[in-house]
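> Dropping the sequence and predicted coords here.
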Amino acid sequence: MNEEDKNKIKAYSKQTPLYLSRRKFDSEGALVEVQCLGCKKFKPLEAYSKNKIQIDGIEIKCKQCKQSK
């Protein structure tokens, strides 16, 4: 799979209802908050670690939930 195909998949995935329901955007379309899959709360981006594997580059669980593992 080449880089162009990967980018197409990422662009499509960011438009799915599941992705959009777990994120909050500001009026300009920038990502502001993400719902943690551990505690189910919306938290600012500073509460998450980075993860290059994920579509938007942030972890699926907040730092607090990852520590309480």
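Cool, got the structure.
> Quick one: the strands in the chain, in order.
Assigned by DSSP state E, the strands in the chain fall at 23-25, 31-35, 42-44.
> What helices and strands are in contact with the longest one?
The criterion is 3 or more CB pairs under 8 Å, 6 or more residues apart in numbering; DSSP states H and E, and the helices and strands that strand 31-35 contacts are strand 23-25, strand 42-44. To be clear about C-beta, it is placed using only N, CA and C from the backbone, and glycine gets the same treatment.
> sorry, back to before: need the winner for burial among the strands of the chain.
Highest mean neighbour count among the strands of the chain (mean count of other CB atoms under 10 Å): strand 31-35, with a mean of 17.
> which residues touch it?
Residues outside strand 31-35 that contact it (CB atoms under 8 Å, 6 or more residues apart in numbering): 21-26, 41-45, 48, 56, 58.
> so where's the protein uncertain?
Low-confidence segments of the chain, defined by pLDDT under 70, are located at 1, 69.
> Alright, that wraps it up for me.
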